[in-house]
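> My questions are about this predicted structure, shown below with the sequence.
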Amino acid sequence: MKKVSIIVYHLSKVNSGQKTAIQRALNGYIDHSNNQSYTYKRKGVLEQIPCKSINKGVVLVESKDKMKVISILRKRRASIEVINLYAKGSLLH
């Protein structure tokens, strides 16, 4: 059995700048420099770990990786709820 965590987060009490920062840190973004002559793909945390997006604001991750996601959300004061589970098989493909 594998330990997994469901992370539920709400951004309703966070200002728009913080919402953008959270989404960029989690999902990544494309960065333009030198008057858009160069573009760089900045990877987010969810692109670097095995995860599954269940719904808007709900992410399934392995328990060993949950603190990477939670630290981003706590740093920017999002409301967080974590549910720890044991899963049979592989849910994160």
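Received it, and whenever you're ready, just let me know what you need.
> For stretch 55-69, measure first residue to last.
16 Å (CA to CA, to the nearest Å).
> avg pLDDT for it?
What stretch 55-69 shows for mean pLDDT is 94.
> Same check on stretch 16-36?
The model assigns stretch 16-36 a mean pLDDT of 91.
> Now the element after the helix or strand containing residue 23, going C-ward?
Per DSSP states H and E: residue 23 is located in helix 16-27. Following helix 16-27 in sequence order, the next helix or strand is strand 29-33 (DSSP H and E).
> Just give me how far that next one sits from the chain centre.
19 Å (CA atoms, centre = their mean, to the nearest Å).
> buried residues in that strand?
For strand 29-33, the neighbour count (16 or more other CB atoms under 10 Å) marks no residue as buried. C-betas here are computed from N, CA, C, even on glycine.
> Extract the CA atoms of the very next helix or strand once past that strand and return them as CSV.
Using DSSP H and E, the helix or strand that follows strand 29-33 in sequence is strand 38-42. Output in CSV follows, covering the C-alpha atoms of strand 38-42 (Å, rounded to 0.1, in the frame of the first residue of the first chain):
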residue,chain,number,x,y,z
TYR,A,38,13.4,34.9,-25.4
THR,A,39,10.9,32.6,-23.7
TYR,A,40,11.6,30.3,-20.8
LYS,A,41,9.4,27.6,-19.4
ARG,A,42,9.5,27.9,-15.6
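> about what we covered before: and the helix holding residue 23, what does it pack onto?
Here helix 16-27 touches helix 45-48, helix 66-75, going by 3 or more CB pairs under 8 Å, 6 or more residues apart in numbering; DSSP states H and E.
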